[in-house]
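A.B. asks: Sequence plus the predicted model coming up.
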Amino acid sequence: MIVLRHVWKTYTVGGEPLHVLRDVTLDVAAGEFVAIMGPSGSGKSTLMHILGCLDVPTRGTYHLDNQPVHEWHGRALAHVRNRDIGFVFQHFHLLPRMTALRNVELPMIYAGRPRAERRRQARQLLAQVGMEERAHHYPNQLSGGQRQRVAIARALANGPRLLLADEPTGALDSATGRGILELFRQLNQQGMTIVMITHDPSVAAAAHRIVHLVDGRVADPERVD
Amino acid sequence: MLAAAWLSLTANVLRSLLTMLGIFIGVASIIAIVAIGQGGTTAVVNVIESHAAQQTIEILPKELVEPGLPQPGQVLSFTEDDLQLVRQFDGVADVSYSVNGQGDVGYRGKTINANIEGGPSDLNELANFTVVQGHMYTSADWLAHRRLAVLSTSLAHKLFGNQSPVGQVIQVGGQPLQVVGVAVSNQFNFMSMFLGADTIYLPATTCTDLFPWWNISEMDVTIQPGTDKAALSKRLVTALNLHAHQADAFIDSSGFLLGLEKTIGTITTILTAVIGAVAGIALVVGGVGVMNMMLVSVSERTEEIGLRMSLGATQSDILLQFLCESVMITGCGGLLGIAFGVVASILVHALTPLPSVVSWQAAVIGFLFSMAMGVVCGLYPAYKASKLHPIDALRYE
C-alpha cells in the first residue's frame, strides 16, 4: 500500500541545508497497523506529512496504492487526501461552529456527495464510533475522548484505505486513550491500514509493527505481537 | 457553501455588522441622492413640458428674454402687418396679441399705479385664472373692443376695500372702464416679483385703443390640432425676422423654455454625479474595511483552512469559501443600504418640498456594485488563504 523509496526532505535554514529525512525507505502492506516512534525532532511529523500528501519529498519516490503521488501537485493531492487518506490529529481539529454530524459531513462536501447521502453516511459513522447519541452536540459540549471519536468518524467519511493518526492519544488521559486504541484495533481488524505516530511505547504497543525514526533515518525495524 | 459563509459571518456578528456599515452608508446615500436628483429633474421637466404642450405658440421680441432689462425704445413691436402675415400660414387657427404696460387706475379720487395687461381673446383658457367674483372678459368683448376690465385681487382690495367692485366704473388712462370681475392668476410669473401683484386685465383690442403708442410685445398663435408645432414655430419666426429685416429679432418662448429645460437637466445631472462620487468614496472606504476584516479573518482561521485542506479542500474551494463570505457581507450591506436609501428618499419626499423618485435601476446597480465590491475586496484575502501551505496552517496553534 505504501511504498517509500530513498525519501529525503531538506529545508534550507539560514542558507544551510537541513536534512529532516535522510534516505527513508518504508513499506506498509494493506491491512497493517504500524506505529512510527521517535523522539521530538526525529522527523516523524515530516514523514507523516509526506505520507498524508500534505507535503512532497525533496528527493525519492512515494507510491500510494501504486499511484506515483511524489509526482503530483495541488488538485490531484487534494483529491488523494479527500478519497484515500483519513487523518486523526492530536488536537482533534473539529470546527467549533458545527455539530458533530456536520463535522463528519465535511470531507463528503469536498467529495461532492449529495446532502441526503452525506447525512445518512455521517449518522452511520457516528454510530460506528459509539457517538450516535451526540450527533447534534457541538465540540465544546463533548469530552476529549468523544471529540476524538467524532474526528475518527470524520476520517472515515469517504471510505479511505489508509488512516494516518498523529499522536491520537496525546491529549487524552490513559483510560480514554485505551478506548481510542481499541477503536483503532477494531478498524484494523475490519481491514483498515493504519499508520500511527507516537512517542509513547505503551501506545505503540497496540500496533503490529514499530518503526523507529532517529535523526531522520529509519532504525532497525522491530516486530511486536 | 452559502450556508458555510453565513455560519462564519454569524460567528462574530458585531464585527460583520460594523464591516457592513461602510458599504451600507455608501449604497444608501447613492440611492437617496440619485432619487432626489432624478425627482428634481423630473419635476422641472414636467413644469416646462406642460407649458410646451399647449396648443399655442408664444412669440416674443428677443430682447425680452435676454438678460438685463430691455430699453423701451429698442424693443420691437409687432405690427398689424405681422399679425396678417402669421394668419396666412397653414396650421394657424387664430392669432392674438398681448400688450402690457403700466398706468394709473383711479376710482373715486383714489389712484393706484398698476400693471395693465391687454390679453388675447381666450385669456381665460390660456392663463389659468381663478375667478373670485364676476367673470373674465370674453372673446366677444375682445372683438368689440369693449371698455371693461378684470382686477387682480390685490388691486380690487386696494381700490374698493371690502366692497364688491363688479359693475363699478374705474378710470384707466383717462377713460372709463367697467369692472366685470376679480381674478387671481395661478400661473407663476416672475415679472410680478418686480412689478407687484396689482394688475388689471383687459382685452388687448381695448388696450391698444387706450394706449395706441404701446408696443405689442407678445404674439399668441393658436395652432390647428395635428400641426407640427415645432416646425410651424420655426417657419413663423423666420418669416417674422425677414419681415422685420433683422436676423434675430423674435423668438418662440417655448423654444426658450426647452433650452432652459436642457440646461437645468445638465445641471442636476452634474450635481447628482458630483454628490454621487462623494458617496462612492464612502463605498470605497467600506470596501477597504471589508478587505481588512477578511485579512484578519484569514489569519485567525489559519487552522481551519489547514484542516479543510487536509480533508480534501482544493485551493479553489478555499478561494471560493472566502469570496463567498466577503460577497455575502457586501451584498447584505448593499441590500440594507438600498432599503434605507428608499426609506430616506420617501421621507425626503414626504417631509420636504424636494421631490424624489427611487428608480429600480439605481437599486439594481447599487446592489450589483456592492456585490462587485465584495469580489474585488475579497479577492486578495481569499487568494492569500488558498495559498496557505496545509502543514504550516495545521501547525499554527
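C.D. replies: Looks like it came in fine. On a predicted model such as this, the values are computed, not experimentally measured, just so you know.
A.B. asks: Can you tell me the SS state at residue A:61?
C.D. replies: Reducing the assignment at residue A:61 to three states with DSSP: H, G, I helix; E, B strand; the rest coil gives strand.
A.B. asks: Can you report how many residues neighbour it?
C.D. replies: Residues within reach of residue A:61, counting by other Cβ atoms under 10 Å in any protein chain shown, total 15. Where C-beta positions appear, they are placed from N, C-alpha and C, glycine not excepted.
A.B. asks: Apart from its neighbours in sequence, what residue is nearest residue A:103?
C.D. replies: Counting by Cβ to Cβ, 6 or more residues apart in numbering or on different chains, residue A:103 lies nearest to residue A:94, which is 5.0 Å off, once chain neighbours are set aside.
A.B. asks: The one you found should be in a strand, yeah?
C.D. replies: No: if the criterion is three-state DSSP, then residue A:94 is coil and not within a strand.
A.B. asks: Might one say that it is in contact with residue A:149?
C.D. replies: No: at 10.7 Å, residue A:94 and residue A:149 do not qualify as touching, with contact defined as Cβ atoms under 8 Å.
A.B. asks: show me what contacts residue 45?
C.D. replies: Picking chain A for this. A:166, A:197 (Cβ atoms under 8 Å, 6 or more residues apart in numbering or on different chains).
A.B. asks: actually it's chain B I care about, not the one you picked
C.D. replies: B:261, B:264-265.
A.B. asks: 10 Å instead, please
C.D. replies: B:52, B:261-262, B:264-265, B:268 (Cβ atoms under 10 Å, 6 or more residues apart in numbering or on different chains).
A.B. asks: Only whichever of those residues are buried, select them in ChimeraX.
C.D. replies: Selecting the buried subset of the contacts of residue B:45 in ChimeraX, with 16 or more other Cβ atoms under 10 Å in any protein chain shown as the burial test, is done by:
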select /B:52,261,264,265,268
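A.B. asks: wait, isn't residue B:39 in contact with residue B:345?
C.D. replies: Yes: assessed by Cβ atoms under 10 Å, residue B:39 is found in contact with residue B:345 at 7.7 Å.
A.B. asks: what touches both of these two?
C.D. replies: Counting by Cβ under 10 Å, 6+ apart, the residues touching both residue B:39 and residue B:345 are B:354-358.
A.B. asks: Can you report phi and psi for the residue nearest in space to the middle of chain A?
C.D. replies: Nearest residue to the geometric centre of chain A (Cα atoms, centre = their mean): residue A:164, 1.6 Å. With angles defined as degrees, to the nearest 10, residue A:164 shows backbone torsions of phi -110, psi 120.
A.B. asks: Check what pLDDT the residue nearest to it when sequence neighbours are not counted gets.
C.D. replies: Sequence neighbours aside, residue A:52 is the residue nearest to residue A:164 in space, at 5.0 Å (criterion: Cβ to Cβ, 6+ apart). pLDDT for residue A:52: 90.
A.B. asks: What of residue A:224?
C.D. replies: At residue A:224, the predicted lDDT confidence score is 48.
A.B. asks: again, but for residue B:311
C.D. replies: We note a pLDDT of 92 for residue B:311 in this prediction.
A.B. asks: Pairing partners for residue A:61 in the sheet, please.
C.D. replies: Here residue A:61 sits in beta bridges with residue A:5, going by DSSP bridges.
A.B. asks: on contacts alone, who are the packing partners of the longest helix belonging to chain A?
C.D. replies: Selection of the longest helix in chain A by residue count, based on DSSP state H, yields helix A:174-189. Using 3 or more Cβ pairs under 10 Å, 6 or more residues apart in numbering or on different chains; DSSP states H and E, the elements in contact with helix A:174-189 are strand A:33-37, strand A:85-88, helix A:115-128, helix A:144-155, strand A:162-166, strand A:193-198, helix A:201-204.
A.B. asks: Would you format the ones you listed as TSV with mean pLDDT included?
C.D. replies: Formatted as TSV, the helices and strands packed on helix A:174-189 follow (pLDDT from 0 to 100):
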stretch	mean pLDDT
strand A:33-37	91
strand A:85-88	92
helix A:115-128	92
helix A:144-155	92
strand A:162-166	92
strand A:193-198	92
helix A:201-204	87
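A.B. asks: Could you pull out the helices in the stretch 251-397 of chain B for me?
C.D. replies: Assigned by DSSP state H, counting those that start in this stretch, the helices in the stretch 251-397 of chain B fall at B:253-300, B:302-310, B:315-351, B:360-386, B:390-395.
A.B. asks: out of these, deepest packed?
C.D. replies: Mean neighbour count (mean count of other Cβ atoms under 10 Å in any protein chain shown) peaks for helix B:302-310 among those, with a mean of 23.
A.B. asks: Run through the neighbouring helices and strands of that one.
C.D. replies: In this structure, helix B:302-310 packs against helix A:74-83, strand A:85-88, helix A:100-110, helix A:144-155, helix B:253-300, helix B:315-351, helix B:360-386, helix B:390-395, with contacts taken as 3+ Cβ pairs under 10 Å, 6+ apart.
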